[in-house]
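1. quick one, structure for this:
(chains A and B)
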Amino acid sequence: GAVVSQHPSRVICKSGTSVKIECRSLDFQATTMFWYRQFPKQSLMLMATSNEGSKATYEQGVEKDKFLINHASLTLSTLTVTSAHPEDSSFYICSARITGELFFGEGSRLTVL
Amino acid sequence: AQSVTQPDIHITVSEGASLELRCNYSYGATPYLFWYVQSPGQGLQLLLKYFSGDTLVQGIKGFEAEFKRSQSSFNLRKPSVHWSDAAEYFCAVGDYKLSFGAGTTVTVRA
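-> The predicted structure is shown next:
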């Protein structure tokens, strides 16, 4: 079964609203989680590293205030896309480091109208 | 800096035929290399990985990959392709912060 789960798998929102995506490690503790963004027909780009109990580390060019990441517990990291715009529409994938292995979630497709 | 190049954007192969997907990497030290598969609208599934040791790595679904340090390559192969192998394939390098190639789309024709 899945080790890492994302919710929601699909979300459609209006421009200007905020959207939260959850990434959960199931039955395992994950001190580190990673958030990736994938544009259509393109590869995955690392956005940020989420560490439990501390601030996330963002990759160069990623807006911290636009993409808020919270890793409040050892099993949950959240990505909030604030004041979403159509250009934020994308496929967002999380991964979790669990017992030395890297597991990916199913992904969340965000469409901003 | 670490990076990955997948030269082939799209490959079409007949069912039952062999498949080889190319991957070239750039990495400052001994690389950790991965191949992932992604079905449409889905997350990523690990096919295989190389950390050290035997340069020929066996993975799931009948896939294998060979690490060639001299060529900075980690090509993925499958002797006989099944229709269910149609998907997007990504090569990646890194430790836990992975850098992905652009991906290769595999189409399987009957």
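
2. center of chain A, which residue is that?
-> residue A:35 (4.2 Å; CA atoms, centre = their mean).

3. find the nearest non-adjacent residue to that one, please.
-> Ranked by CB to CB, 6 or more residues apart in numbering or on different chains and with sequence neighbours excluded, the top spatial neighbour of residue A:35 is residue A:47, at 4.6 Å. The way it works is simple: take the backbone N, C-alpha and C, and place the C-beta from them, glycine included.

4. residues near the one you found, how many?
-> 23 (other CB atoms under 10 Å in any protein chain shown).

5. surely it is within a strand?
-> Yes. Inclusion of residue A:47 in a strand is indicated when DSSP: H, G, I helix; E, B strand; the rest coil is applied.

6. before we move on, the earlier item: give me the sheet partners of the helix or strand that contains the residue nearest to the centre of chain A and which way each runs.
-> Following DSSP states H and E, the helix or strand that holds residue A:35 is strand A:32-38. With DSSP bridges as the test, strand A:32-38 is paired with strand A:44-51 (antiparallel), strand A:90-98 (antiparallel).

7. run through the bridge partners of the residue nearest to the centre of chain A.
-> Beta-bridge partners, per DSSP bridges, of residue A:35: residue A:48, residue A:94.

8. for the chain, what spans make up the helices?
-> Because you didn't say which chain, this covers chain A. Assigned by DSSP state H, chain A shows no helices.

9. and it, which residues reach chain B?
-> A:6, A:32, A:34, A:42-46, A:49, A:93, A:95, A:97, A:102, A:104-107, A:109 (CB under 8 Å from any CB of the partner chain).

10. report the buried members of those.
-> Buried members of the residues of chain A next to chain B, counted by 16 or more other CB atoms under 10 Å in any protein chain shown: A:6, A:32, A:34, A:43-46, A:49, A:93, A:95, A:97, A:102, A:104-107, A:109.

11. okay if I get the strands paired with strand A:32-38 as TSV plus mean pLDDT?
-> Formatted as TSV, the strands paired with strand A:32-38 follow (pLDDT from 0 to 100):
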stretch	mean pLDDT
strand A:44-51	92
strand A:90-98	90
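
12. thanks again, I'm all set now.
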